[in-house]
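K.L.:
predicted model follows, preceded by the sequence.
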Amino acid sequence: MPRKVNYGPDYDDNYDEYDYGYEVDENETPPQKETIKHSVWRCSICTYDNDETMSSCDICGVLHGPLLNNSIYDKKRTANIFDLKSSRVSSTVVGRDEAVKVSSMRSDSSNQSTEKGKHNRLDEINILKNIEVGPPAGSRTSDNCSASVQEGWLGHVDESSVAVNLQSRGKSSLSLMPKERNVMVDDSSSSRNGGEANSLTSNLENISFAAKSRHSNDAKPGRAISRAQYKPEKWMLPEKAEHSLTQLNLAIVGHVDSGKSTLSGRLLHLLGRISQKEMHKYEKEAKLQGKGSFAYAWALDESAEERERGITMTVAVAYFDSKRYHVVVLDSPGHKDFVPNMITGATQADASILVIDASIGSFEAGMDGTKGQTREHAQLIRSFGVDQLIVAVNKMDAVDYSKERFDLIISQLGAFLRSCGFKDSSVSWIPLSAVENQNLVSAPSDFRLSWYLGPNLLDAIDSFQPPTREFSKPLIMPICDVIKSPSQGQVSACGKLEAGAVRSGSKVLVMPSATIATVRSLERDSQACPIGRAGDNIAVSLNGIDGNHVMAGGVLCHPDFPIAFAKHLELKVLVLDGATPILIGSQLEFHIHHAKEAARVARISFLLDSKTGKVVKKAPRCILAKQSAVVEVILQEAVCVEEFSKCKVLGRVFLRTLGRTVAVGIVTRIVEEQQ
Ligand code: GTP
Ligand code: MG
């Protein structure tokens, strides 16, 4: 059965169509209009310039066609869950039937970890997405900042600077590793970026620099293929009948003690994933410790500390099959101290169940503006790109299955979810009781719930839209966990394949050590498997690499499409409702996929209008709650990163301080890469 993990996030898609012009205070010169060449088409939603061969936007998934509107896009999300192993564990493999807690790489259970979580409202999300910010392609240092923004955003690229950077980039791929590491990079790795670059350089004047300048710089004549133009090999694409069930990564989130683990455990038991014998054992042990009511939760809460405290601390991963899906359950901690762990798991979700405690006072506590994790979790998962949600209104037995209570919760929480950007049509409300087994996998038997005529929880899960996977893109797998077996000299990187595919014998570039390794074997759900594809949570056993060069927070990528390694970044951020203001010089925890670093806010370049995304003020001194802004941060150590427009999962960030998520954002520009 289950086991535990930590993961990373996803932004999202509901971009409204805004006026994408930029307005800078007072007497600013309006930005120049970009000219579009025929070889690209501009997404009317997110403004990304797509190659003409793309039938939908590479960034937000909007179809290329006259019927574009806000409601027609299929958000491309990759989900995932690893078949992880705790980093504490060296080489054990956990089967589907085992409950395993995976400690996430860098996030530990302490409240100092951060996340990539994020936030909120539709319009806020839109803001984050509808502005492409970045300086001219040639300029990559902070000096360019505000003064050159206008030009940089829309404008002109100095080709000479591109050429210069090209060279330095070539070198950089060989030296992207942390100090003291040996690099074993073959030529292909140093030229890989060049790949994408060329087509981009040819369109330099057409594209939004924020997203592409870096790759333009890497352009290398003759090696030019963009990620969009990448042609996958046949084996990389799944054959139709190959998997009868689509994998659905399902994050179970919600306020502390709302019943997430109990609900997950009960569901697994009802679906045969926990045997009667195991359940009996949990019941007995829980009773002995005076925690009888936690018996089902114990299936997920495995550690002694979790059981003793009666709270989940790390994400537990479990599996069950519904009619349509192979569901990967990510049971998240609800306690505020473990929000970072919740984030690492939930960031890989395709869909989510938000568990609410219907009891009097408990629902209200979750909705508390400053302490309620119902609010924080809802904001975070929406910002990860999750837009399909089931609200499981649990503990209905505690309110006598009252329809009035259920309706009140819908009305209050529904308004909040709308403000987070969830569409009413993508949210299902299910009244249930995990403890009394009402409405989980069959219609409620308690007459007090006879007023409810909707689907049960399992049917609602089957009603989720299947996630979209990026099978045809170059490989990207953020490393969540590393398993080393020193005795056998083996090292495995665990994580969710966000894009592309791997199989035994594949060459992969391991970042940030910039080392090429060969895939020795793969495991999925603790079983050997020949191929891992986007969406799969796998353990990739590597040959030809020193185990010290594989680390959580790193990334496995295609040797021709290396991802960047940088510490100076430009971000577009939204400060969350109720959060403390961000000032120039603020020290924050910076979270990006599975990495966390201390960060300093080096510059606040612009304040953005929260409705339109337009620049309303240059160089403000601080960013207040609910304000959006363009900032530059300098991290203590470099992280593997991509601009959001190139790779969502490597371009979403969360800023935290004092145990709270204060802002969410996206990487709009890599100001300076590590050489
Ligand atoms: P964290 O992971 O620590 O945030 O908690 P959780 O949301 O996983 O809650 P958990 O499953 O540990 O349950 C907390 C308490 O709520 C336990 O005592 C459960 O027995 C109780 N509980 C869970 N579901 C129900 C329910 O349907 N009705 C009632 N009355 N109690 C429930
Ligand atoms: Mg729990």
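P.N.:
Alright, I've got the coordinates. Ligands and ions are numbered 1, 2, ... in the order given.
K.L.:
what's the end-to-end length of stretch 550-559?
P.N.:
15 Å (C-alpha to C-alpha, to the nearest Å).
K.L.:
residue of the stretch 251-400 of the chain closest to ligand 1, please.
P.N.:
residue 334 (2.5 Å; C-beta to the nearest ligand atom). Yep, even glycine has a C-beta here, placed from its N, CA and C like the rest.
K.L.:
secondary structure element holding that residue?
P.N.:
Per DSSP states H and E: residue 334 is located in neither a helix nor a strand.
K.L.:
so it makes contact with residue 342?
P.N.:
Yes - with contact defined as C-beta atoms under 8 Å, residue 334 reaches residue 342; the gap is 7.5 Å.
K.L.:
give me the more crowded residue out of the two.
P.N.:
When neighbours are counted by other C-beta atoms under 10 Å, residue 334 and residue 342 differ, and residue 342 comes out ahead with 34 against 27.
K.L.:
could you measure from that one over to residue 536?
P.N.:
According to C-beta to C-beta, to the nearest Å, residue 342 and residue 536 sit 22 Å apart.
K.L.:
now do residue 415
P.N.:
Distance, residue 415 to residue 536, by C-beta to C-beta: 37 Å.
K.L.:
quick one, which of the two is more surrounded?
P.N.:
residue 536 (27 against 9).
K.L.:
quick check: the more buried one touching residue 498?
P.N.:
No - using C-beta under 8 Å, residue 536 is not in contact with residue 498, being 10.1 Å away.
K.L.:
on that earlier part again, and the residue of the stretch 251-400 of the chain closest to ligand 1, backbone torsions?
P.N.:
phi -100, psi -20 (degrees, to the nearest 10).
K.L.:
the residue nearest to it when sequence neighbours are not counted: neighbour count?
P.N.:
Leaving aside its sequence neighbours, residue 334 sits nearest to residue 256 (C-beta to C-beta, 6 or more residues apart in numbering; 3.8 Å). Applying other C-beta under 10 Å, we find 22 residues neighbouring residue 256.
K.L.:
same deal with the one 5 residues further on?
P.N.:
Applying other C-beta under 10 Å, we find 29 other residues in the vicinity of residue 261.
K.L.:
now it: which helix or strand?
P.N.:
Here residue 261 is assigned to helix 260-270, by DSSP H and E.
K.L.:
near ligand 1, which residues of the chain are found?
P.N.:
256-262, 293-294, 297, 311-312, 333-335, 394-395, 397-398, 433-435 (C-beta under 6 Å from any ligand atom).
K.L.:
what subset of these is buried?
P.N.:
256-262, 294, 297, 311-312, 333-335, 394-395, 397-398, 433-435 (16 or more other C-beta atoms under 10 Å).
K.L.:
also near ligand 2: which of those, exactly?
P.N.:
Subset of those in contact with ligand 2: 260, 261, 312, counting by C-beta under 5 Å from the ion.
K.L.:
for residue 254, see how far away the first one is.
P.N.:
The reference is to residue 260. From residue 260 to residue 254 the distance is 6 Å (C-beta to C-beta).
K.L.:
which neighbours do these two share?
P.N.:
Residues touching both residue 260 and residue 254 (C-beta atoms under 8 Å, 6 or more residues apart in numbering): 332, 334, 355.
K.L.:
can you tell me which of the residues you listed is nearest residue 528?
P.N.:
Nearest to residue 528 among the shared contacts of residue 260 and residue 254: residue 332, at 28.9 Å, using C-beta to C-beta.
K.L.:
which one of the shared contacts of residue 260 and residue 254 is nearest to residue 289?
P.N.:
Using C-beta to C-beta, residue 334 comes nearest to residue 289 of the shared contacts of residue 260 and residue 254, at 20.4 Å.
K.L.:
between residue 334 and residue 342, which contacts overlap?
P.N.:
253, 377.
K.L.:
which residues touch the residue nearest to residue 334?
P.N.:
So residue 256 contacts 311, 333, 334, 335, 336, 373 (C-beta under 8 Å, 6+ apart).
K.L.:
save those as JSON lines, and put in pLDDT and distance to residue 458 too.
P.N.:
Converted to JSON lines, those look like this (pLDDT from 0 to 100; distance: C-beta to C-beta, whole Å):
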{"residue": "311", "pLDDT": "92", "distance to residue 458": "26"}
{"residue": "333", "pLDDT": "94", "distance to residue 458": "24"}
{"residue": "334", "pLDDT": "93", "distance to residue 458": "22"}
{"residue": "335", "pLDDT": "91", "distance to residue 458": "27"}
{"residue": "336", "pLDDT": "86", "distance to residue 458": "30"}
{"residue": "373", "pLDDT": "89", "distance to residue 458": "25"}
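K.L.:
okay if I get the residues you listed as CSV plus distance to residue 426?
P.N.:
Formatted as CSV, the contacts of residue 256 follow (distance: C-beta to C-beta, whole Å):
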residue, distance to residue 426
311, 30
333, 25
334, 22
335, 27
336, 27
373, 21
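K.L.:
between these, which is nearest residue 229?
P.N.:
Of all these, residue 229 sits closest to residue 333, with 41.9 Å by C-beta to C-beta.
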